[in-house]
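# quick one, structure for this:
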Amino acid sequence: QGQLVESGGGLVQPGGSLRLSCIASGFSLDANAIGWFRQAPGKEREGVSCISSGAHATVYADSVKGRFNISRDNAKNTAYLQMSSLKPEDTAVYYCATDFYGSSCLLLRPRGMDFWGKGTLVTVSP
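Presented below is the predicted three-dimensional model:
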């Protein structure tokens, strides 16, 4: 059975950096767009970034542009989210998800994503 597992979350001070990983097992990520989403307490899940299956296209939410970078390594069946200049408002559970057709992912739309991990908590606090 396929599984996505996020890792790399933790507590970081404002201005700090973290790199999240999303590792797939039981299936290949190659043909899928991969998105990162986040959900803060009391808020709806929102799209953060997406990378197309061939890594030719990337999309970022306005709130993270210039600070976050998405990448993928198909040989390792893994996607990454490098987060820099973190702010307290980046605090959330971060999820990765797959999208075979890519349309939902590239629109940063949680609804329509195919398969989700269980998330990793990122806390940005002094």
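# average pLDDT for stretch 72-90?
Taken as a whole, stretch 72-90 carries a mean pLDDT of 97.
# chain center to that stretch: distance?
6 Å (C-alpha atoms, centre = their mean, to the nearest Å).
# same thing with stretch 110-123?
On C-alpha atoms, centre = their mean, the centre of stretch 110-123 falls 7 Å from that of its chain.
# so what would you say the end-to-end distance of that stretch is?
Using C-alpha to C-alpha, to the nearest Å, the end-to-end distance of stretch 110-123 comes to 21 Å.
# tell me who's in contact with the residue with the shortest distance to the centre of the chain.
Per C-alpha atoms, centre = their mean, the C-alpha nearest to the average position across the chain is that of residue 36, at 2.1 Å. Counting by C-beta atoms under 8 Å, 6 or more residues apart in numbering, residue 36 touches 20, 22, 47-50, 70, 79, 81, 94-96. Every residue, glycine included, has its C-beta placed from N, CA and C.
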